[in-house]
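# Based on what follows, work out the 3D shape:
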Amino acid sequence: MTPLVSIEGTSVVSDERRGRSDVLDKSLAGLEACTRNRLVTGVATSVCKTNIDDLVQESWLRRLIGMGVHYAWFHTYRVIGPNPTEEIALTPEEVLRVRRFIVRMRAKLPIAIVDAYWDDEGQALCPMATGVSHHISPYGDIEPCPIIQFATETVYDRPSVYETMTSSPFLKDFRETAARTTRGCIVLERPDLVRELVERHGARDTTQRQTASAELAQLTGRSSQHNPGNEIPEEHWAYAFAKKHWFFGFGAYS
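Residues are numbered from 1 along each chain as shown. Okay, here's the model as predicted:
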C-alpha cells in the first residue's frame, strides 16, 4: 500500500479543481510528511488544459525527485460527472504530447512514471477491459472503473474479492464490450454503450448524489487515447519488458 497524493497544478488551479483554499500548500505538506516518514510515495495528476504546461514538465519531475517522491502518475482528465468541463479536456494532439513526455522522461530521470493507457508498443488500452483493475468505492461497491460509478456487487458478497471480480456477469460484460468496441475509453467514446450495460444488468448508482444515470445520458461521444497510426513505443527496456510480459499481456484485444 502506498499513499498517492493528488496535485492538480498551481495554487490557483488546485483551488479551482478542488473547490477549497490552500489546497496546494496542504497537499505539499502531506507529501513532505509521507517522504519524511519513509513511505513509498507517489504524486497523481489529472492532466488537462489548465495544468499541462505546468506539470507535464521535466522541471516538475525534478522537483518531485528532490522532495523524495518515488513515482508520478499522469492520467488524462475525463469529461464526466455532475459538472463536466469540456473546455479543459485535452485534444488528441495534447494526449500524444503527454504520452511522448512520459516515454522520454522514463528513459531520462530516476523516478518511476505510471500510466495506464498504453501498452509497450504505444497502442491504446483500457485497464478495465484488459482485466488489470476494477475499482472499489469507499462503501465497498465493486465498479468497472473509477469513472463508471455503478455496481451490482460489493466486497461483502463473497469471502473472496477476487472471486467476485472474476465471476461477476456485470464486470465481464463491461470488459468484453469495451474490448470489442475500442482500445481507448468506452466512457468517452461510447457513453451510449455504457448506459446500455448499466440498464441491462440493473446496476445501481453508487454515487452519493444519485444522479449518475442522468449525467451519463447527457454525454456525447468524444475522442480518447485511441489514436491509430500515432503509436509511441516505450524507449526504456524495463518498462517495455514489464508492460509486455507482466501487466498488459492478457489478450483482451486479440
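# Just the pLDDT for the spatially most central residue of the chain.
Nearest to the mean C-alpha position of the chain, by Cα atoms, centre = their mean, lies H75 at 4.9 Å. Note on H75: pLDDT of 92.
# So it, which state does it fall into?
Put simply, H75 is strand when judged by DSSP: H, G, I helix; E, B strand; the rest coil.
# tally of neighbours for V23?
By the criterion of other Cβ atoms under 10 Å, V23 has 21 neighbours. C-betas here are computed from N, CA, C, even on glycine.
# Just the buried residues of the helix or strand of the chain with the lowest mean pLDDT, please?
Lowest on mean pLDDT, DSSP states H and E among the helices and strands of the chain sits helix 11-18, with a mean of 88. Buried residues in helix 11-18, counting neighbours by 16 or more other Cβ atoms under 10 Å, are found at V13, S14, D15, E16, R17.
# hey, where'd the helices end up in the stretch 51-200 of the chain?
Along the stretch 51-200 of the chain, counting by DSSP state H, counting those that start in this stretch, helices occupy 52-55, 58-66, 92-106, 127-130, 161-167, 169-181, 186-189, 191-201.
# would you list those helices in TSV and tack on mean pLDDT?
Output for those, formatted as TSV (pLDDT from 0 to 100):
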stretch	mean pLDDT
helix 52-55	96
helix 58-66	96
helix 92-106	97
helix 127-130	92
helix 161-167	93
helix 169-181	96
helix 186-189	96
helix 191-201	97
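# Is it possible to get TSV of those helices that adds mean neighbour count and distance to Y139?
TSV is the format used below for the helices of the stretch 51-200 of the chain (neighbours: other Cβ atoms under 10 Å; distance: least, Cβ to Cβ, whole Å):
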stretch	mean neighbour count	distance to Y139
helix 52-55	18	31
helix 58-66	14	32
helix 92-106	18	32
helix 127-130	22	19
helix 161-167	14	14
helix 169-181	18	17
helix 186-189	23	21
helix 191-201	17	18
